[in-house]
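Trainee: Test case, fold it:
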Amino acid sequence: MRTPSLSTAILSSLVLGLLLGTGLNIINPGLADLISVWIKPVGSLWINSIRMTVIPLLMSLLLTAIASNGGGSSTAKLGLKTLGLFVLFVAASSLYTFVFAPPLIALLNIDPQASAALLATTSAATVSPDSLPPFSDWLIGLIPSNPIAAASNGDILPLLIFTALLASALLQTEAAQRDSVTSFFSGIREAMLVLIGWIMKLAPIGIFSIVYPLAATLGLDAITALGSFILIASGLISATIIALIALVAALTPVSVMQFIRAVAPAQIIGFSTRSSLAALPATFTAAKSLGVKDSVSGVVLPVAVTLFKFASPIARTSGSYFIAALYGIDLSTTELLTIAAAIGLFSFYTPGIPSGGLLIMAPVYESLGLPVEGIAILIAIDLIVDMFLTAANVTANTATTLLLSHYTSSTD
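Mentor: Numbering: from 1, shown residues only. Model prediction:
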C-alpha cells in the first residue's frame, strides 16, 4: 500500500486541527481549552526545533555560496539581480492592490452603526508612531557591533551582512585557509539539512499542535468578525499565489504540479506559523528539489526572508483602504496610489516587533490624514490575513529563487 506523501500528511493535519478545534469550541469550549493546554507546548517545541537550525543554516548557506569556488563577482551579480527582481515583484504587488482592492472594498455595505461600534473598540488600543524604533537606530544596527550577540538575539539582517563581509574577506585569503573555513561551514550546512529532514518528519504533529489551539480559541469568531475584509484580503493574496505558480510554469521548465508538490510543505508551515523564517528550511528543501543550485539558493533565500515581503503591500494597502471606508473617508486616486507606493516601499523595512509590518504604516496614515487608531483594528484581525500573507511570501521566495536560478544558468 502506498504511503501518503509528507505534503499530504501536513495538509491533512492542518485541516484536522482547524476542524477539530473549531468543532470543539462550538460543542464544548471548556474541553477545547483543556486539550489546548496539553497540545500547545508540543507545537512550541516543534517550532523551536525549526528555529534552532535557522541561524547556522543561513550563515552556512550564504558563506559557502560566496566564498566557495572564488565566486565573488558572480555572487555580486546574483545579489544585484536578486534585489532588482524583489523590487520588481513588490512594485507589481503594490500596483495590483491599487487596481483591484478599491473596487472590491467599495462593494462592502458598511453599516454606520456597526462601524461606530467597531471604532469604539479602538479607544483602549491606540497605536502611536512613537512605538516604532527610529529609522536611524535600525540603520545603525545593520552593522552589528557583536555578531555573536546578533545571532543570539535573532537579528538576521545584521548577521547576514557580517556573514557576507566575512565571506568576501575569505576570498582575499590563501586558498588553503579559505578552503578550511568553507569546508567547516559546508559540513554545518549538510548537518543542518539532515537535522531538518528529521524535524520535517514530525511536521504533521507539529502543524496540528499549532493549528488546533488557534482554532479552539477563535472558533467561528475568525469567520464572523470583520469577515468581509478578511475574505477580500485573503482572496487578493491567494490570487497572487496562483499567479506566481503560473509564472513559474510559463518561464521555467518546472510544471505547475511539480512546483505545487515541492512548495506545499513550506507553504503550510508558513501558513501555520506566520513566519517565513520558520519556513526557511522547508523552502530551501523545495528549491533544492526543483533543481536550484546551493550557490543560488544560498544567496537568494537569506536575502528573501530578511528583505522580501512580496504579499505585505497587498494586505497592508487593502487594509488601509478598508480603514478609510470604515471611517467614511473618501480617498482620491492620487491618495490611493500614494498609499500603495509608500507601503510597498516600507515593506523592505519591517521592525522586529509584534505587528511591526502594521505599525510601520503609522507615518503614512498621519501624512494622509487617516486615523492611526484604525491600525489597531487591523492588528486585531491580522492573525488570519497574516497566515495567507506568509504563505504567499514563501511561494514568492521559492518562485524568485527558481527564476533567478534558471535565468542565471541560462545567461552566465
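
Trainee: Only C-alpha atoms from now on, for both contacts and neighbour counts.
Mentor: OK.

Trainee: looking at this protein, which helix or strand is least sure?
Mentor: Lowest by mean pLDDT, DSSP states H and E among the helices and strands of the chain is helix 221-224, with a mean of 47.

Trainee: next structured bit after it?
Mentor: For helix 221-224, the following helix or strand on the C-terminal side (DSSP states H and E) is helix 227-251.

Trainee: same for that next one, what does it pack against?
Mentor: helix 72-106, helix 256-273, helix 312-326, helix 382-411 (3 or more C-alpha pairs under 8 Å, 6 or more residues apart in numbering; DSSP states H and E).

Trainee: ok, and what's touching it?
Mentor: Helix 227-251 is contacted from outside by 97, 101, 104-105, 108, 254-256, 259-260, 311, 314-315, 318-319, 322, 381, 384-385, 388-389, 392, 395-396, 399, 402-403, using C-alpha atoms under 8 Å, 6 or more residues apart in numbering.

Trainee: Generate a PyMOL selection restricted to the buried entries among those.
Mentor: In PyMOL syntax, the buried subset of the contacts of helix 227-251 is picked out as below (16 or more other C-alpha atoms under 10 Å):
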select buried, resi 97+101+105+254+259+260+311+314+315+318+319+322+381+384+385+388+389+392+395+396+399+402+403
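
Trainee: residues near Gly328, how many?
Mentor: 12 (other C-alpha atoms under 10 Å).

Trainee: Quick check: it vs Thr285, distance?
Mentor: Here the criterion is C-alpha to C-alpha, to the nearest Å. By it, Gly328 lies 47 Å from Thr285.

Trainee: Format the helices and strands packed on helix 227-251 as a markdown table; extra columns: mean pLDDT and distance to Ile156.
Mentor: Output for the helices and strands packed on helix 227-251, formatted as a markdown table (pLDDT from 0 to 100; distance: least, C-alpha to C-alpha, whole Å):
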| stretch | mean pLDDT | distance to Ile156 |
| --- | --- | --- |
| helix 72-106 | 86 | 17 |
| helix 256-273 | 91 | 18 |
| helix 312-326 | 88 | 19 |
| helix 382-411 | 85 | 16 |
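
Trainee: Out of those, which one sits most buried?
Mentor: Comparing these by mean neighbour count (mean count of other C-alpha atoms under 10 Å), helix 312-326 ranks first with a mean of 25.

Trainee: so that one versus helix 227-251, what angle?
Mentor: Interaxial angle, helix 312-326 versus helix 227-251 (axes from the mean of the first three to the mean of the last three C-alpha atoms, to 10 degrees): 150 degrees.

Trainee: right, and the helix or strand after helix 312-326?
Mentor: Heading C-terminal from helix 312-326 (DSSP H and E), you reach helix 333-346.

Trainee: then that following helix to CSV, C-alphas only?
Mentor: As requested, the backbone C-alpha atoms of helix 333-346 are provided in CSV (Å, rounded to 0.1, in the frame of the first residue of the first chain):
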residue,chain,number,x,y,z
THR,A,333,-6.9,58.3,-6.9
THR,A,334,-3.7,60.1,-6.0
GLU,A,335,-4.1,59.2,-2.3
LEU,A,336,-4.8,55.6,-3.2
LEU,A,337,-1.7,55.4,-5.3
THR,A,338,0.4,57.2,-2.7
ILE,A,339,-0.7,54.6,0.0
ALA,A,340,0.2,51.7,-2.3
ALA,A,341,3.6,53.1,-3.2
ALA,A,342,4.5,54.1,0.3
ILE,A,343,3.6,50.8,1.9
GLY,A,344,5.3,48.9,-0.9
LEU,A,345,8.5,50.9,-0.2
PHE,A,346,8.2,50.5,3.5
